[in-house]
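# fold the following, please.
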Amino acid sequence: MTDALVVLGVLAAVAAGLWAWRRWHPVSFWYGFGFPSRAVLVYLTWKNVASGCKLTRSRRHWRLTLDAVPVVGAAARDAAMVEQKRRVRRVDVEHTPRLGLLRPTRLGWRVRLRLQDGQVPEDFAKAAEGIAHAWRVHSVRVVEVKPGRLTLWATMRDPLTEIDVSTETGELLKVRPGKLENGSDWVIDFRTVPHWLNAGATQSGKSNLANAVITGLASQRVALVGFDLKGGVEFTPYTPRLSALATNRKESVDLLDDLVGEIEHRMAVCREHGARNIWKLPESVRPIPIVTLVDEVAELFLMADKREKDEVSKTAVSLLRVAQLGRAFGVHLMVCGQRIGADLGPGVSALRAQLSGRVCHRVNDPGTANMTLGDMDPAALSAAQGIAAETPGVCVITGQDGSWHRARSVYVSEETAEQAALDHAHLAPDWSALLGWVPVAADDPMPDAA
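Have a look, this model is predicted:
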């Protein structure tokens, strides 16, 4: 009886110690106890999990077996007799994809595996949900490393429930709008991926992402330009930091003409100095980067009657030229919209092809999701169509690393973005002075906005 009480006391003390360890030092608990116990579970159950998810393959092998063979002859006339003989026979053997070494991450683990003959990454992508349930984790992502090799990323919990990061990175043309599902920072780098498409329905987080981008860029030496064809209700509060703002079709045509003219001027400067892009120019003559934000891009392509046809056509051509030529000359785009479909005209499809960065929030129609992600990755398209309405800010992105991720933008209120625009209004270059292009030294302040 005494021994039993001692054992119970020891077990209770161990349980209390584990609870306290997990409560006060969750990181060390995960690496010291949580992950090792999970790794043992994964290795012990992988064969059954793979078989249940139909990820095994049968192969025929030659094997030496002992078969019972009847004995014939005089000795076996009165009684049935058998003897064991060795035979080489072909048998079917079930092969399981071999797991590599589990490596812990902050939110789970990753493990590489080798595909069996006849398997493709899509087989594992379809089974990812079943593997996640078997391993008792939040999600399992399948990432192709190279032909015949995959990496499974297991995430214990959803890291996108609460996001609290600073949008500023301290680096030119880089902003940190939120977090990725693997726990890493979501960074938009306009120098690496110059143009972005941001699609989303009302209350999906599309406008909040634009607020995060404006807030992150406000303190940088860049010119911000806005197109807001909803009468300016979205971008007018940020006017102190904007160098130019178009609020109707006529103003948009004129502003796009200015942008195309500025790109052509920067071309001439680069040609004069023998530079392929503005980043190869001497710092003393390097022009200021321009980031252009377009809200509700569909309004640029819609026509009320035939009289607007020429205006829409000119707008589409100018916007496409900015997208095609802007990267090398420091003119970048973030195009936002609720509805982005091929029915808006061929200009939208041509523009979409130039926007290599994609962000898809919850959308109202599958056509917009397909327009945003359909040419990138079918799995990304499926993930975007599964975004719930009660998770604003959650999106699927594709960017500089060539793969897609679930992400969530940090909440940036309109008041916060407006205050950032006011605080850094002195950094907004005057638009007319910018078009005249007076070089600004790196250590001099930008001209104040008019």
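# switch to C-alpha atoms for all contacts and neighbour counts from now on
Will do.
# so how far is residue 240 from residue 418?
9 Å (C-alpha to C-alpha, to the nearest Å).
# oh sorry, the question was meant for residue 374
From residue 374 to residue 240 the distance is 38 Å (C-alpha to C-alpha).
# and residue 162, helix, strand or coil?
Under DSSP: H, G, I helix; E, B strand; the rest coil, the three-state class of residue 162 is coil.
# what is the burial count for it?
When neighbours are counted by other C-alpha atoms under 10 Å, residue 162 registers 12.
# same check, this time on residue 41
12.
# show residues contacting whichever strand or helix holds it.
Here residue 41 sits within helix 35-52, counting by DSSP states H and E. Helix 35-52 is contacted from outside by 56, 96-97, 99, 102, 104, 108-109, 131, 134-135, using C-alpha atoms under 8 Å, 6 or more residues apart in numbering.
# and the two most separated of these?
56 and 104 (25.2 Å; C-alpha to C-alpha).
# one step back: residue 374 and residue 240: which is more packed in?
Neighbour comparison, residue 374 and residue 240: the larger count goes to residue 240, with 22 against 16 (by other C-alpha under 10 Å).
# that one - that's part of a helix, no?
Yes: per three-state DSSP, residue 240 lies within a helix segment.
# list the contacts for it?
By C-alpha under 8 Å, 6+ apart, the contact list for residue 240 reads 421-422, 425, 428, 449.
# so which residues of the stretch 51-200 of the chain form helices?
Ranges of helices in the stretch 51-200 of the chain, per DSSP state H, counting those that start in this stretch, are 121-135.
# rewinding a little: most surrounded residue in the contacts of residue 240?
Top of the contacts of residue 240 by neighbour count (other C-alpha under 10 Å): residue 428, with 28 neighbours.
# distance of that residue from residue 193?
For residue 428, the distance to residue 193 - C-alpha to C-alpha - is 23 Å.
# which stretches of this protein have low pLDDT?
By pLDDT under 70, the low-scoring segments of the chain are 1, 59-93, 304-305, 307, 342-343, 375, 399-402, 436-450.
# what about the longest helix in it?
helix 249-273 (DSSP state H).
# what does that helix contact?
Residues contacting helix 249-273 (C-alpha under 8 Å, 6+ apart): 227, 229, 244, 246, 276-278, 281, 287, 300, 311, 314-315, 318-319, 321-322, 325-326, 329, 331, 435.
# residue 226 is in contact with residue 242, correct?
Yes: Residue 242 is within contact range of residue 226, at 7.0 Å (criterion: C-alpha atoms under 8 Å).
# circling back to that earlier point, mind listing what's buried in the longest helix of the chain?
249, 252-253, 255-260, 262-263, 265-267, 269-270 (16 or more other C-alpha atoms under 10 Å).
# nearest to residue 216, of the residues you listed?
Out of those, the member with the shortest distance to residue 216 (by C-alpha to C-alpha) is residue 259, at 22.4 Å.
# for residue 229, see how far away the closest one is.
17 Å.
# show me the strands in the stretch 351-450 of the chain, by range?
Ranges of strands in the stretch 351-450 of the chain, per DSSP state E, counting those that start in this stretch, are 357-360, 394-398, 404-409.
# oh sorry, the question was meant for the stretch 51-200 of the chain
Counting by DSSP E, counting those that start in this stretch, the strands of the stretch 51-200 of the chain are 57-70, 82-95, 103-104, 108-114, 139-146, 149-155, 174-180, 185-189, 195-199.
# return the set of buried residues in the fifth one.
With burial defined by 16+ other C-alpha under 10 Å, the residues of strand 139-146 counted as buried are 139-143.
# residue contacts, residue 113?
97-100, 149-152.
# hang on, I meant residue 387
Per C-alpha under 8 Å, 6+ apart, neighbours of residue 387: 361-362, 394-395.
# okay, the residues you listed in JSON lines with neighbour count next?
As requested, the contacts of residue 387 are exported to JSON lines (neighbours: other C-alpha atoms under 10 Å):
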{"residue": "361", "neighbour count": "32"}
{"residue": "362", "neighbour count": "30"}
{"residue": "394", "neighbour count": "29"}
{"residue": "395", "neighbour count": "28"}
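# using JSON lines, lay out these together with distance to residue 44.
Compiled in JSON lines, the contacts of residue 387 are given as follows (distance: C-alpha to C-alpha, whole Å):
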{"residue": "361", "distance to residue 44": "39"}
{"residue": "362", "distance to residue 44": "39"}
{"residue": "394", "distance to residue 44": "35"}
{"residue": "395", "distance to residue 44": "35"}
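# closest to residue 34 among the residues you listed?
Nearest to residue 34, judged by C-alpha to C-alpha, of these is residue 394 at 28.0 Å.
# in the sheet, who's paired with the residue nearest to the closest one when sequence neighbours are not counted?
Spatial nearest neighbour of residue 394, chain neighbours left out: residue 408 (4.2 Å); criterion: C-alpha to C-alpha, 6 or more residues apart in numbering. Beta bridges link residue 408 to residue 179, residue 394, judged by DSSP bridges.
# so residue 408 sits right up against residue 165, yeah?
No: using C-alpha under 8 Å, residue 408 is not in contact with residue 165; the gap is 11.0 Å.
# pull up the overlap in contacts between the two.
178-179.
# how much space separates residue 58 from residue 126?
Relative to residue 126, residue 58 is positioned 20 Å away (criterion: C-alpha to C-alpha).
# same check on residue 280?
46 Å.
# re earlier: the more surrounded of residue 408 and residue 165?
Neighbour count, other C-alpha under 10 Å: between residue 408 and residue 165, residue 408 has more, with 28 against 15.
# who are the contact partners of that one?
Counted by C-alpha under 8 Å, 6+ apart, residue 408 has contacts 160, 163, 178-181, 393-395.
# just to revisit the earlier point, which among the contacts of helix 249-273 end up buried?
227, 229, 244, 246, 277-278, 281, 287, 300, 311, 315, 318-319, 321-322, 325-326, 329, 331.
# next, count neighbours for residue 299.
17.
# same thing with residue 398?
21.
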